[in-house]
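Chemist: dropping the sequence and predicted coords here.
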Amino acid sequence: MFNKSGRKDTPEINGSSLADIAFLLLIFFLVVTTIDVDTGIGLMLPPIPDDTEPPPVRERNLLNILVNAQGMVLLDGEPSAIPEVKNRVQEFVDNQGVDPNLSESPDDAIVSIKTDRRTPYNVYIDMLDEVMGAYEELRHAASMNRFGVPYSELQSDSPEQQEIRDMYPKKISIAEPDEG
């Protein structure tokens, strides 16, 4: 009944439920942890082309933008700062045939973007934002002139929005980078 040796036994902790607790904690942290999903650039890709040759493009209707490995932006071979891209694209697209060095009409204007494999990603994104912003500003101005309402407030897929899109279609060609 009594321990006569004078030695006290130390109580032991029952470890049988420790695995259950660890498993429940694991499930809890898996459920409540959010996992960041990398998002890309949202672009509408054109349909898969047939085997037919694309129609020829007149040189004056093509604005070439090159972003090289050092992050320099070249517009038709001339070095330009990223903030200048928006104005140059707007001037090129909205020329209406006035300047013989720029596009004949917004419908004929094509903006070609080419990069190097080592182009800094943030420079490419900033430059692409400027090009997209140029089209948004052109569409906004056209919508204000035509309907008195900003383009962003036109109903999605409405005839008015489609008319503005037809006036300034986004014709952007993203060329494959050169091997390097």
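Modeler: In hand now; what should we look at?
Chemist: quick one: mean pLDDT for stretch 115-133?
Modeler: Mean pLDDT, stretch 115-133: 90.
Chemist: repeat for stretch 8-22
Modeler: Computed over stretch 8-22, the mean pLDDT rounds to 79.
Chemist: how about stretch 71-86?
Modeler: Here the average pLDDT along stretch 71-86 is 91.
Chemist: list the buried ones in that stretch?
Modeler: Applying a neighbour-count criterion of 16 or more other C-beta atoms under 10 Å, one finds 71, 73, 75, 80, 85-86 buried in stretch 71-86. No exception for glycine: its C-beta is placed from N, CA and C like everyone else's.
Chemist: please apply the same query to stretch 11-25.
Modeler: In stretch 11-25, counting by 16+ other C-beta under 10 Å, buried: nothing.
Chemist: got it, and stretch 165-172?
Modeler: 165, 167-172.
Chemist: and which of the residues you listed is nearest to N101?
Modeler: Taking C-beta to C-beta as the measure, K171 is the one of the buried residues of stretch 165-172 closest to N101, at 18.2 Å.
Chemist: who does the nearest residue to the closest one once chain neighbours are set aside bridge with?
Modeler: Residue nearest to K171 in three dimensions, not counting chain neighbours: I110, with 4.6 Å by C-beta to C-beta, 6 or more residues apart in numbering. Taking DSSP bridges as the rule, I110 bridges to L62.
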